[in-house]
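Participant: My questions are about this predicted structure, shown below with the sequence.
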2 protein chains.
Amino acid sequence: MPRDFRHQVRTGAFTGPTAGYCGDYAQANLAILPRDCAEDFLRFCVRNPKACPLLAVGEPGQFDVPALGRELDIRTDVPGYNVYRDGVLCEQPRDIRELWRDDLVVFAIGCSFSFEQMLAQERIPLRHVDEGVNVPMYRTSIPNQAAGPFRGNLVVSMRPMSGAHAIRAVQVTSRFPSVHGAPVHIGSPAAIGIGDLSRPDYGDAVSVHEHELPVFWACGVTPQSAIESARLPFAIAHRPGHMLVTDIPNASLAVL
Amino acid sequence: MPRDFRHQVRTGAFTGPTAGYCGDYAQANLAILPRDCAEDFLRFCVRNPKACPLLAVGEPGQFDVPALGRELDIRTDVPGYNVYRDGVLCEQPRDIRELWRDDLVVFAIGCSFSFEQMLAQERIPLRHVDEGVNVPMYRTSIPNQAAGPFRGNLVVSMRPMSGAHAIRAVQVTSRFPSVHGAPVHIGSPAAIGIGDLSRPDYGDAVSVHEHELPVFWACGVTPQSAIESARLPFAIAHRPGHMLVTDIPNASLAVL
């Protein structure tokens, strides 16, 4: 159960990537920003809902976010954190209690693990899972809607599929807008500014078989990339792959 | 309104193809079969719901089908009929009162005009409409589920679209299973046995632009083709493009 899992994280008994753990529950991308730029970032998320679907936003200084889970402490319950100062990654602590401030605002952003669980339940193969690597991610030529210092281009994840699976994947993921929702693009990588599928900007390349289409979803790396580019004096995010495990059942995120 | 339109058809004032008329109302593919093969055909439709979505089935001998429209007479209200004897097209009358028999069963099958209206409302361009031709249709290598003498392969219609429009088209048409519903395939024509997009088996070729994907829907020509191949002693269908205009609002066909 998520609460037990978070307890293991908090005590240091679990320190790894979270993929595959508590699979029925939503995992979240994390952004923690000082109040003076949190307002801009909130508008950035609202303007770019496919890349930055908000599961929850805390009050300034709030480190327990009840909407995300019972007895949750955002400062200790994530297996790894990235700490940025002036836009530069400075530390990767396993606990941020020492860094906590009363002006910090927590943003929890939906993660593709949730919709991947739904696709797997439909017996739609996920190539990166079958090949045991991270999903390939690419910077696109699609600009984000800017807000304050947050801007940049959309980052997408890619899953190759047969035509029939791509159609079913659109139907399934459309039901889950809070975890990136429907794909943003199918087919030609060049149409969205991707030069070479075999050279992802993040994650690992996967095979694309004959007759398969690349299917592209908006990716939670988009807000992380926007935060880095904004060169904020101070910001905290989860360490990639080391997500917050929430008490929110994936099934409850379906809008239909 | 559909009833007035059918009246014009009945009196011979309208004799052409029905595309674009009474656009808010469903048009139907028509199959009229003797009772002794109607049972097989009904099972064929049920087993192949994407190609043969039933809007209504009449009782034997029934030529007014209230589920389809008020004061409707199926023998006079379609602008053109195809009459088959032993599987061969023999006549194309504008009225089948002389041919009517007490054992004939009416099948009304949903038509893509309904979902095309929904796509047009979303501002998704339809290439065959823009180019002023009939939608291209292709025989595929996907076998139908057989029932009695009815079998053969799925026939699909094809509409080229950008990736983003293809995604939206899946969402929109998924809401309308009774007019063919979601696409059956996107992408590689060869994957479903189509050799050359520029040589459709029915209808007309259309341009496919750079970065566009061919999007394929199950087509109402499938049942017509299955009826022809079954070489029934006697069968009637609508003349292609000359559909039955029903009183059923397209909007009412949405399942969501």
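Facilitator: Received it, and whenever you're ready, just let me know what you need. Numbering: from 1, shown residues only, chains lettered A, B, ... in the order given.
Participant: Now residue A:100: closest residue in space, sequence neighbours ignored.
Facilitator: residue A:75 (5.4 Å; CB to CB, 6 or more residues apart in numbering or on different chains). For glycine as for every other residue, the C-beta is placed from the backbone atoms N, C-alpha and C.
Participant: Helix or strand: which one has that neighbour?
Facilitator: Following DSSP states H and E, there is no helix or strand that holds residue A:75.
Participant: mind checking the SS state of the closest residue to residue A:52 other than its chain neighbours?
Facilitator: Spatial nearest neighbour of residue A:52, chain neighbours left out: residue A:45 (3.9 Å); criterion: CB to CB, 6+ apart. With DSSP: H, G, I helix; E, B strand; the rest coil as the basis, residue A:45 sits in helix.
Participant: And chain A, what are its domain boundaries?
Facilitator: What automatic domain parsing lists as the domains of chain A is A:2-111+A:227-253, A:113-222.
Participant: For those domains, give me TSV that also has mean neighbour count and mean pLDDT.
Facilitator: What follows is the domains of chain A, written out as TSV (neighbours: other CB atoms under 10 Å in any protein chain shown; pLDDT from 0 to 100):
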stretch	mean neighbour count	mean pLDDT
domain A:2-111+A:227-253	18	97
domain A:113-222	19	97
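Participant: of all those, which lies closest to residue B:204?
Facilitator: Of all these, domain A:113-222 sits nearest to residue B:204, with 22.8 Å by CB to CB.
Participant: now stretch A:134-147: how far from the chain's centre is it?
Facilitator: 12 Å (CA atoms, centre = their mean, to the nearest Å).
Participant: Over to stretch A:55-68?
Facilitator: Worked out by CA atoms, centre = their mean, stretch A:55-68 lies 17 Å from the chain centre.
Participant: and if you look at stretch A:36-54?
Facilitator: On CA atoms, centre = their mean, the centre of stretch A:36-54 falls 13 Å from the chain's centre.
Participant: can you check stretch A:208-217 too?
Facilitator: 21 Å.
Participant: same deal with stretch A:200-219?
Facilitator: 17 Å.
Participant: Could you do stretch A:173-185 as well?
Facilitator: What separates the centre of stretch A:173-185 from the centre of its chain is 13 Å, taken as CA atoms, centre = their mean.
Participant: And the helices in the stretch 51-200 of chain A?
Facilitator: Using DSSP state H, counting those that start in this stretch, the helices of the stretch 51-200 of chain A run over residues A:112-121, A:127-130, A:163-174.
Participant: Tell me which of those helices sits nearest to chain B.
Facilitator: helix A:163-174 (4.2 Å; CB to the nearest CB).
Participant: Quick check: which helices or strands does that closest one pack against?
Facilitator: The contact analysis (3 or more CB pairs under 8 Å, 6 or more residues apart in numbering or on different chains; DSSP states H and E) places helix A:163-174 against helix A:112-121, strand A:213-218, helix B:163-174, strand B:185-186.
Participant: With respect to residue A:20, which of those lies nearest?
Facilitator: Closest among the helices and strands packed on helix A:163-174, using CB to CB: helix A:112-121, at 8.5 Å.
Participant: Please name every helix or strand in contact with that closest one.
Facilitator: Judged by 3+ CB pairs under 8 Å, 6+ apart, helix A:112-121 is in contact with strand A:25-34, helix A:163-174.
Participant: now for the first one, which elements pack on it?
Facilitator: Contacts defined by 3+ CB pairs under 8 Å, 6+ apart place strand A:25-34 against strand A:54-57, strand A:104-110, helix A:112-121, helix A:221-229, strand A:234-238, strand A:244-249.
Participant: Could you save these as CSV and add columns showing distance to residue A:208?
Facilitator: What follows is the helices and strands packed on strand A:25-34, written out as CSV (distance: least, CB to CB, whole Å):
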stretch, distance to residue A:208
strand A:54-57, 31
strand A:104-110, 26
helix A:112-121, 17
helix A:221-229, 20
strand A:234-238, 29
strand A:244-249, 31
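Participant: Out of these, which gets nearest to residue A:176?
Facilitator: helix A:112-121 (5.1 Å).
Participant: quick one on the thing from earlier: would you confirm that the residue nearest to residue A:52 contacts residue A:105?
Facilitator: No: if you go by CB atoms under 8 Å, residue A:45 and residue A:105 don't touch, sitting 11.5 Å apart.
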